[in-house]
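> Sharing a model prediction with you, sequence too.
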Amino acid sequence: MLSRGSEWRRWEPHIHAPGTVMNNQFIGPTAWTDYLTALERATPVIEAIAVIDYYVKDTYEEVLRHKAAGRLPATKLIFPNVELRRDVATARGGFVNLHLFVSPEDPKHVEELQRLLSRLQFNVMQDRFDCTRANLIRLGKKADPNITSRLATTLQDAIKTADIAVKQEIVAAATLARTLPRISMSINEFANRFNLSAAARESVSQQLRNPHLAEERFLFSASDFASIMAYRSMELDNGATLTAPSAEFDQVFRQVAIDGSAHRVRFTTQGTVINDKLKPKA
């Protein structure tokens, strides 16, 4: 019992962790280290944290594993905050969100939370979906079956940020992917199929807001993939930029290695000039 008046303690009841479905502010290979370090260095010290995620408890369990391994030593209380978004709009156009705070005092609180969530149901598209990870993934795939676009845009983003060797490796895989049949696979399986290096895999995974997305299976569509990866553009150190339809790039621009170098090449092409213009520097 306190005898000196009020004592203030810092609680953070709304903390998103890496891998959260939305509002993920920590991505890349050091996401969890960066997240935990930011919490540990916060001033005043955070003594209680509610780990928030949408409809699931995955990130809360991951924080508990890090706590058990010795992280967040000053945090005395960690508990889950499950956010449920409703389709009821406010007068200002926002949506009503419900937050489910769960006491961690019960040693079986994670199990009981999952049992409670699984009893929530979504009835849409003439189907019923339970509030479980598997059913939420199934709902997402049914709402947007064209998840091939996620693979294509992820590869595009990886190409933008990678070094030249990794860029060329991913471009080669994307070019070969146009010949794939309509098969079920995941982003990780795509990487295995084309034998991507560890550096290329890391570059691809860094573009995903949630690492679990790399494991989700989808039905690959070569036509959808090609429509997003329609053009290939290559920049040279002499200021030239070569652009052509991805499937025809190597035919439009013939290249020959100079002095046996893998990167020093000579390009040749031919065609009729149909446009000529000046553009500002990007």
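That came in fine, so what should we check first? Numbers count the residues shown, from 1 in each chain.
> all contacts plus neighbour counts: C-alpha atoms, from now on.
Noted.
> in the stretch 151-282 of the chain, which spans are helices?
Taking DSSP state H, counting those that start in this stretch to define them, one finds helices in the stretch 151-282 of the chain at 164-177, 187-193, 198-205, 222-228, 249-252.
> just so I know, which of the ones you listed lies nearest residue 214?
Of all those, helix 187-193 sits nearest to residue 214, with 4.9 Å by CA to CA.
> Buried residues of the closest one, list them for me.
For helix 187-193, burial by neighbour count (16 or more other CA atoms under 10 Å) applies to 187-188, 190-191.
> May I ask which two of these are separated the most?
Farthest pair in the buried residues of helix 187-193, by CA to CA: 187 and 191, 6.4 Å.
> one step back: can you say which of the helices of the stretch 151-282 of the chain is nearest to residue 81?
Per CA to CA, nearest to residue 81 of those: helix 198-205, 26.7 Å.
> quick check, residue 67 in a strand?
No. The assignment for residue 67, made by DSSP: H, G, I helix; E, B strand; the rest coil, is helix rather than a strand.
> Tell me, how many residues neighbour it?
15 (other CA atoms under 10 Å).
> Who's the closest spatial neighbour of it, skipping the chain neighbours?
Closest residue to residue 67 apart from its sequence neighbours, by CA to CA, 6 or more residues apart in numbering: residue 73 at 7.3 Å.
> So residue 24, which state does it fall into?
coil.
> Can you pull the phi and psi angles for it?
With angles defined as degrees, to the nearest 10, residue 24 shows backbone torsions of phi -80, psi 110.
> For it, give me its contacts.
Residues in contact with residue 24 (CA atoms under 8 Å, 6 or more residues apart in numbering) are 16-18, 209.
> Quick check: which ranges of the stretch 51-200 of the chain have low pLDDT?
Within the stretch 51-200 of the chain, the stretches with pLDDT under 70 are 88-91, 93-94, 141, 143-147.
> need the strands for it, in chain order.
For the stretch 51-200 of the chain, the strands defined by DSSP state E, counting those that start in this stretch occupy 77-89, 95-101, 121-124, 127-130, 184-185.
> and the last one, what does it pack onto?
If I follow you right, that is strand 184-185. Judged by 3 or more CA pairs under 8 Å, 6 or more residues apart in numbering; DSSP states H and E, strand 184-185 is in contact with strand 218-219.
> before we move on, back to that, JSON lines for the buried residues of helix 187-193, including distance to residue 116?
Listed next are the buried residues of helix 187-193 as JSON lines, based on distance: CA to CA, whole Å:
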{"residue": "187", "distance to residue 116": "32"}
{"residue": "188", "distance to residue 116": "32"}
{"residue": "190", "distance to residue 116": "36"}
{"residue": "191", "distance to residue 116": "37"}
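> so which of those residues comes closest to residue 200?
Taking CA to CA as the measure, residue 200 lies nearest residue 191 of the buried residues of helix 187-193, at 8.5 Å.
> Correct me if wrong: the closest one contacts residue 202.
No. The criterion here is CA atoms under 8 Å, and residue 191 misses it with residue 202 at 10.4 Å.
> what's the average pLDDT for stretch 4-14?
The pLDDT scores in stretch 4-14 average 85.
> Mind listing what's buried along it?
If you call a residue buried by 16+ other CA under 10 Å, then stretch 4-14 has these buried ones: 11, 13-14.
> what residues does it touch?
Outside stretch 4-14, the residues that reach it (CA under 8 Å, 6+ apart) are 44-52, 81.
> Now do residue 60 against residue 238, distance only.
51 Å (CA to CA, to the nearest Å).
> Which one of the two is surrounded by more residues?
residue 60 (22 against 6).
> And for residue 155, the neighbour number?
23.
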